[in-house]
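Undergrad: Structure of the sequence below:
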Amino acid sequence: MVKNYDDYGSSRPPLGLGYLSESLKANGIEHDVLDLNLVRSYNNVINKINEFNPDLIGISIFTNGHLQNYELIKRFKQRYPHIKIAVGGPHVSVLPEATMSENDNIDFAIVNEAEDALVELCKGKELAKVDKLLYRNGNEIRFNAVNSVSEKYITDLDSIPWPKYERFQLKKYIGELFVITSRGCPYQCMFCSVRNTMGPKVRVRSIPHVMEELGYWYKKGRRIFNFVEDNLTFYYDRVFELCEAIEQAGLRELILRASNGIRADRTDGRMLKRMKEVGFKSIAIAVEGANEKMMKILKKGETLERVEECIHAALALDYEISLTFVYGAPGETMEDIRQLIALAKKYPVFKVDIYNLVPYPGTPLWSWVQKNNAWAVSDPLSLMSRQDKNLKFTNTSGYPFFVTKELSKDDKIRVAKKLRDVTLQIQYQAFSRQFSCFGPLRYIIARFLSTSFFNRLIFGNNLVRRLSEKIRFRLRTR
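TA: Take a look at the predicted model:
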């Protein structure tokens, strides 16, 4: 199994591949895993394939980077025409037929959650009976689509073994491990594709099942866990059950994070206080819009008043807080952007990410751009994939994919530059506070750490990332 390339490197073992690997192991299927973000060299990939001599190569594909994956698959097939190639991941789940049609070197594609289907495919089950599988029958592409949501998504998450990463190069990642306790999202944010890939219902693992995972890694000396699911706090009482279980198990000196963004309307001061007591130190709050008008346009489904209440509660408990926003939506004006900047700078948070809206396939935003013929580029999927350095595309600030009647392409380019400066300014202020123990020297340290150069360095080099994370968390626990 292969994880795709990522311009920012890979700082933690890929969770999705971890689950697939564990499912294969549980079913006695010999396999190996290769994270291309750690390897980088094509010759090393070839050496790995030659050494293992697989019958099947599985590749995880995201929309960002899918063209590079297509090229890699072509090279694999030219070199190993006898080896079957299967693909999965978010891009495949949203555009399954297109993925197969665009690359005739792909033999199989699996949509949505792949644990069961991949095992069945590897065990040689009749192709027509493997749910969620696309395969070729001569020149025809066949899709074993399922008829209901309950068949499409795994309802008993405890039936899926959690990752132990036995075939991963764990020492090459930073010390933090990703954890998920639930899958799925019922909300309808116009820019998000999670409903399409993980389903509209929040499905949860039992607390004992989660504790088995945390306890396993705790005994191995791990203390930093990042809960990266989309709805950690969706079920209010369940959060308290998890906290109680962590406390009863005697898991101390933990550094727990929720960096994927919690919803303010599913969180309050009481919950945050309990989370803090068992080790949660860092949370991201998904704000997205800076006024009620934009919250409605984005279909966020919560009020800005509730968001600010959550920020106040987290600050009072001394959380390390990240805020996330998006910009460029239909209906957003320059005045809305000014309000976004004002809100981003209003609170003494650790970090602010302001994302350039990307109309991913399958989202309401994609439909709006298509319907209004509002593309700013001739081939949006190609730009999403290639992350063209000449266009300076990044998720957080970059080339506009589409235009609106309120913001032209040039407007969005100017806004992107302004927002980059805002995020670096907020980062500088945060580091100045965090390194206050160094006296006046903190301003020099903070200035260096809040440059575009350092941000590229920390995201592209795991050694630098490990060192900076260790220093940062040590300072917070002084």
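Undergrad: Every contact and neighbour count from this point should use C-alpha atoms.
TA: OK.
Undergrad: So in this structure, which helix runs the longest?
TA: Longest helix in the chain by number of residues (criterion: DSSP state H): helix 409-434.
Undergrad: first to last residue in stretch 146-162, what's the distance?
TA: 25 Å (CA to CA, to the nearest Å).
Undergrad: And the longest helix of the chain, what does it pack against?
TA: strand 351-356, helix 441-449 (3 or more CA pairs under 8 Å, 6 or more residues apart in numbering; DSSP states H and E).
Undergrad: Past the shortest one, which element shows up next along the chain?
TA: Looking back up the chat, that one is strand 351-356. helix 364-371 (DSSP states H and E).
Undergrad: What residues of that next one count as buried?
TA: 364-366, 369 (16 or more other CA atoms under 10 Å).
Undergrad: contacting residues for the nearest residue to residue 300 once chain neighbours are set aside?
TA: Nearest residue to residue 300 in three dimensions, chain neighbours excluded: residue 189, at 5.2 Å (CA to CA, 6 or more residues apart in numbering). Taking CA atoms under 8 Å, 6 or more residues apart in numbering, we find residue 189 in contact with 298-301.
Undergrad: Any of these buried? List them.
TA: Among the contacts of residue 189, those buried by neighbour count (16+ other CA under 10 Å) are 298-300.
Undergrad: Quick one: the residues you listed as JSON lines, columns for secondary structure, pLDDT and distance to residue 240 too.
TA: Shown next, in JSON lines, are the buried ones among the contacts of residue 189 (DSSP: H, G, I helix; E, B strand; the rest coil; pLDDT from 0 to 100; distance: CA to CA, whole Å):
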{"residue": "298", "secondary structure": "coil", "pLDDT": "97", "distance to residue 240": "30"}
{"residue": "299", "secondary structure": "coil", "pLDDT": "96", "distance to residue 240": "28"}
{"residue": "300", "secondary structure": "coil", "pLDDT": "95", "distance to residue 240": "25"}
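Undergrad: Among those, which one sits closest to residue 205?
TA: Minimum distance to residue 205 across those is 25.5 Å, recorded for residue 300 (CA to CA).
Undergrad: So that closest one sits against residue 187, correct?
TA: Yes. With contact defined as CA atoms under 8 Å, residue 300 reaches residue 187; the gap is 7.5 Å.
Undergrad: pLDDT score assigned to residue 128?
TA: Predicted confidence (pLDDT) for residue 128: 96.
Undergrad: how far away is it from residue 307?
TA: Residue 128 is 48 Å from residue 307, where distance means CA to CA.
Undergrad: same check, this time on residue 257
TA: Counting by CA to CA, the gap from residue 257 to residue 307 is 19 Å.
Undergrad: what about these two, which has more around it?
TA: Shown here are residue 257 and residue 307; by other CA atoms under 10 Å, residue 257 has more neighbours (24 against 20).
Undergrad: Give the rounded mean pLDDT of the helix or strand that contains residue 322.
TA: Using DSSP H and E, residue 322 sits within strand 320-327. What strand 320-327 shows for mean pLDDT is 96.
Undergrad: count of residues packed around residue 155?
TA: 16.
Undergrad: Can you list the strands that the strand holding residue 322 pairs with?
TA: The pairing partners recorded for strand 320-327 under DSSP bridges are strand 280-288 (parallel), strand 351-356 (parallel).
Undergrad: export the last one as CSV, just CAs?
TA: Written as CSV, here are the backbone C-alpha positions of strand 351-356 (Å, rounded to 0.1, in the frame of the first residue of the first chain):
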residue,chain,number,x,y,z
LYS,A,351,-2.6,30.4,15.4
VAL,A,352,-5.1,31.4,12.7
ASP,A,353,-5.5,29.6,9.4
ILE,A,354,-7.5,31.4,6.8
TYR,A,355,-8.2,29.0,4.0
ASN,A,356,-8.5,29.8,0.3
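Undergrad: Offset the numbering so it begins at 25, please.
TA: That works, and once the first residue is 25, the last one we named lands at strand 375-380.
Undergrad: Please state the offset of that strand from the chain centre?
TA: 14 Å (CA atoms, centre = their mean, to the nearest Å).
Undergrad: Equivalent analysis for the first one, please.
TA: Going by CA atoms, centre = their mean, the spacing between the C-alpha centre of strand 304-312 and its chain's C-alpha centre is 14 Å.
Undergrad: check which helix or strand covers residue 170.
TA: Under the assignment here (DSSP H and E), residue 170 is part of no helix and no strand.
Undergrad: gap between the residue lying closest to it once chain neighbours are set aside and residue 243?
TA: Nearest non-adjacent residue to residue 170, counting by CA to CA, 6+ apart: residue 176, 6.1 Å away. Distance check for residue 176 against residue 243: by CA to CA, it reads 35 Å.
Undergrad: got the domain boundaries for this protein?
TA: Domain assignment for the chain by automatic domain parsing gives 26-172, 198-500.
Undergrad: Let me have the ones you listed in JSON lines, extended by distance to residue 190.
TA: Listed next are these as JSON lines, based on distance: least, CA to CA, whole Å:
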{"stretch": "domain 26-172", "distance to residue 190": "9"}
{"stretch": "domain 198-500", "distance to residue 190": "12"}
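Undergrad: show me where pLDDT drops low in the stretch 375-502 of the chain?
TA: By pLDDT under 70, the weakly predicted segments of the stretch 375-502 of the chain are 407, 409-422, 480-502.
Undergrad: Which of the three states applies to residue 145?
TA: With DSSP: H, G, I helix; E, B strand; the rest coil as the basis, residue 145 sits in helix.
Undergrad: Return the residues in contact with it.
TA: 151, 154.
Undergrad: Recalculate using a threshold of 10 Å.
TA: 80, 110, 132, 134, 151, 153-155, 157 (CA atoms under 10 Å, 6 or more residues apart in numbering).
Undergrad: Could you do residue 341 as well?
TA: By CA under 10 Å, 6+ apart, residue 341 lies in contact with 293, 296-297, 300, 305.
Undergrad: Same question for residue 332.
TA: By CA under 10 Å, 6+ apart, the contact list for residue 332 reads 288, 309, 311, 338, 367, 371.
Undergrad: how many other residues sit next to the third one?
TA: So that's residue 311. Residue 311 has 29 nearby residues by other CA under 10 Å.
Undergrad: Hmm, it is touching residue 333, no?
TA: No. The criterion here is CA atoms under 10 Å, and residue 311 misses it with residue 333 at 11.6 Å.
Undergrad: Can you tell me the closest non-neighbouring residue to residue 265?
TA: residue 231 is the one closest to residue 265 (CA to CA, 6+ apart), at 7.2 Å.
Undergrad: got the contact list for that neighbour?
TA: Taking CA under 10 Å, 6+ apart as the contact definition, residue 231 lies against 182, 205, 262-263, 265-270.
Undergrad: what about 8 Å?
TA: 265-266, 269.
Undergrad: cool, residue 271 as well?
TA: residue 302.
Undergrad: For it, give me phi and psi.
TA: Main-chain dihedrals, residue 271, degrees, to the nearest 10: phi -70, psi -50.
Undergrad: Please apply the same query to residue 206.
TA: Dihedral angles for residue 206 - degrees, to the nearest 10 - are phi -150, psi 160.
Undergrad: Just give me the neighbour total for it.
TA: Count around residue 206 with other CA under 10 Å applied: 22.
Undergrad: What pLDDT is listed against it?
TA: Taking residue 206 on its own, its pLDDT is 97.
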